[in-house]
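Peer 1: Let me see the structure of the following:
(one chain, ligands or ions: 1)
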Amino acid sequence: MIKIGITGGIGSGKTTICRVFETLGILVFYADTVAKQIMVEDEILIKGVKDTFGHESYFGDGTLNNKYIANIVFNNEAELSKLNQLVHPAVFRAFDVWAANLKTEVPYVLKEAALLFESGSYKMCDKNILVTAPLELKLNRVMKRDQVTADQVQARMDKQFTDEQKMKMADYLIHNDESNSLILQVLELHQLFLNIKH
Ligand code: ATP
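Peer 2: So this is what the prediction gives:
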């Protein structure tokens, strides 16, 4: 089974594109959603977080004290990096378990992650897709979707690699803008992945 990573800057449309692949029957591992789940499920990760940031990281009932963690890592690169060094390996483990336990034979799967390149996760995929879109379009999409200001979106963008950096690491590009057909680009890649030799 081939593993395909898919990423893109905030508002590029990677989740939307994964939904299109899903309509073709392709299974998608949503790394950012899984990361949230395993914060309260993965024992190794929970222990790591408590050892690093203190037992206050979790409430008595086992739920995550989001506010406490967010306060520590907000605008603190060193603390954020410590958290990422705990979470990223845990997501890698979760992906391996997910892929190993798939019930059906599939030609390829997608791993969607906002920080695919930043986390090093792309190295574990056979091929990687970068979704791109013009800045203006990305800003407008996220402002509309999340009801936030352009400055707030820009602040989130500043924490990610630029498209230029990511393009150097990507095998394929999807241009999710108003002048390229999304469906045709997805179908073309789908056909290509079906033909990759296992
Ligand atoms: P994030 O990193 O913030 O999760 P994302 O890259 O996953 O963003 P999406 O959530 O897929 O992006 O898309 C952002 C918004 O733009 C959504 O509201 C989505 O419906 C819209 N959008 C994405 N692509 C298109 C498109 N081709 N046509 C119309 N709307 C789109």
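Peer 1: So for residue 5, what's the nearest residue that isn't a sequence neighbour?
Peer 2: residue 125 (3.7 Å; CB to CB, 6 or more residues apart in numbering). C-betas here are computed from N, CA, C, even on glycine.
Peer 1: Residue 27 too?
Peer 2: Leaving aside its chain neighbours, residue 27 sits nearest to residue 109 (5.0 Å; criterion: CB to CB, 6+ apart).
Peer 1: how close does that neighbour get to residue 149?
Peer 2: 36 Å (CB to CB, to the nearest Å).
Peer 1: more neighbours, those two?
Peer 2: Comparing residue 109 with residue 149 by neighbour count (other CB atoms under 10 Å), the higher total belongs to residue 109, at 20 against 11.
Peer 1: Return the residues of this structure in contact with the ligand.
Peer 2: 8, 10-16, 114, 141-142, 145, 176, 182 (CB under 6 Å from any ligand atom).
Peer 1: which of those are buried?
Peer 2: 8, 10-15, 114, 141-142, 176, 182 (16 or more other CB atoms under 10 Å).
Peer 1: Can you pick out the ones from the residues you listed that are in helices?
Peer 2: 14-15, 141-142, 182 (DSSP state H).
Peer 1: any idea how far residue 186 is from residue 116?
Peer 2: Taking CB to CB as the measure, residue 186 falls 18 Å from residue 116.
Peer 1: Got the phi and psi for the residue lying farthest from the centre of the chain?
Peer 2: Most distant from the centre of the chain: residue 60, at 29.4 Å, with distances by CA atoms, centre = their mean. The phi/psi pair for residue 60 (degrees, to the nearest 10) reads phi -60, psi -30.
Peer 1: contacting residues for it?
Peer 2: By CB atoms under 8 Å, 6 or more residues apart in numbering, the contact set of residue 60 is empty.
Peer 1: How about the most centrally placed residue in the chain, nearest residue that isn't a chain neighbour?
Peer 2: Residue closest to the average C-alpha location in the chain (CA atoms, centre = their mean): residue 113, at 1.3 Å. Distances taken as CB to CB, 6+ apart place residue 31 nearest to residue 113, at 3.7 Å, with adjacent residues excluded.
Peer 1: How is this structure divided into domains?
Peer 2: 1-27+108-198, 33-101 (automatic domain parsing).
Peer 1: so where's this protein shaky on pLDDT?
Peer 2: Scanning the chain with the threshold set as pLDDT under 70 gives 198.
Peer 1: now do 90
Peer 2: 1, 74-75, 103-105, 119, 156, 158-160, 196-198 (pLDDT under 90).
Peer 1: Which phi and psi values does residue 5 adopt?
Peer 2: phi -90, psi 140.
Peer 1: This completes my enquiry, with thanks.
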